[in-house]
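# Need a 3D model of the following:
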Amino acid sequence: MSKTIFERICAKEIPAHIVYEDDQVVAFRDINPQAPVHVLLVPRRPIPRLGDATTADAILLGHLLLKAAEVAKQLGLAHGYRLVINNGRDAGESVPHLHCHLLGGRAMDWPPG
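Predicted structure coming up:
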């Protein structure tokens, strides 16, 4: 099976504006931002979507969320931010590689859409 675009970004085969990375997670700016700050956080080990995660993924998923909070702080989102994980086509998932959208820099509406 071919690599997803996110696997290729993690491997640095495709350029991206990376704002954080470690051995488990890469965070980079979205090329089609939906807010003044829009960063994608991607686990290096691909999981197709949240609905496919297992208990064996719990540590990685916890790390992903903790790093999202750390990146939000690094980017100055003291007044708040939103984390979004799409699961499936009807939710707007376009890349079958679990990722978290970190959105901020403006007030967010509710419901989100």
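
# okay, CA-based contacts and neighbour counts for the rest of this
Fine.

# I'd say residue 72 and residue 105 touch.
No: counting by C-alpha atoms under 8 Å, no contact exists between residue 72 and residue 105, whose distance comes to 10.0 Å.

# which one of the two has more residues nearby?
Looking at residue 72 and residue 105 with other C-alpha atoms under 10 Å, you find the greater number of neighbours at residue 72, namely 21 against 17.

# Next, the contact list for the more buried one, please.
With contact set as C-alpha atoms under 8 Å, 6 or more residues apart in numbering, residue 72 has these partners: 78, 81, 102.

# In ChimeraX, select just the buried ones from the residues you listed.
Typed into ChimeraX, the next command selects the buried ones out of the contacts of residue 72 (criterion: 16 or more other C-alpha atoms under 10 Å):
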select :81,102
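
# anything in contact with each of residue 72 and residue 105?
Residues touching both residue 72 and residue 105 by C-alpha under 8 Å, 6+ apart: residue 81.

# What count of nearby residues applies to residue 12?
11.

# For the remainder of this discussion, apply numbering that starts at 494.
Sounds good: first residue 494 from here, last item residue 505.

# What helix or strand is it located in?
When secondary structure is defined by DSSP states H and E, residue 505 falls outside every helix and strand.

# distance of it from residue 604?
36 Å (C-alpha to C-alpha, to the nearest Å).

# Is the nearest residue to residue 574 once chain neighbours are set aside bridged to anything, and to what?
What sits nearest to residue 574 in space, not counting adjacent residues and going by C-alpha to C-alpha, 6 or more residues apart in numbering, is residue 597, at 4.5 Å. Listed by DSSP bridges, the beta-bridge partners for residue 597 are residue 530, residue 574.

# Residue 597 and residue 576 touch, don't they?
No: using C-alpha under 8 Å, residue 597 and residue 576 do not qualify as a contacting pair, with a distance of 9.0 Å.
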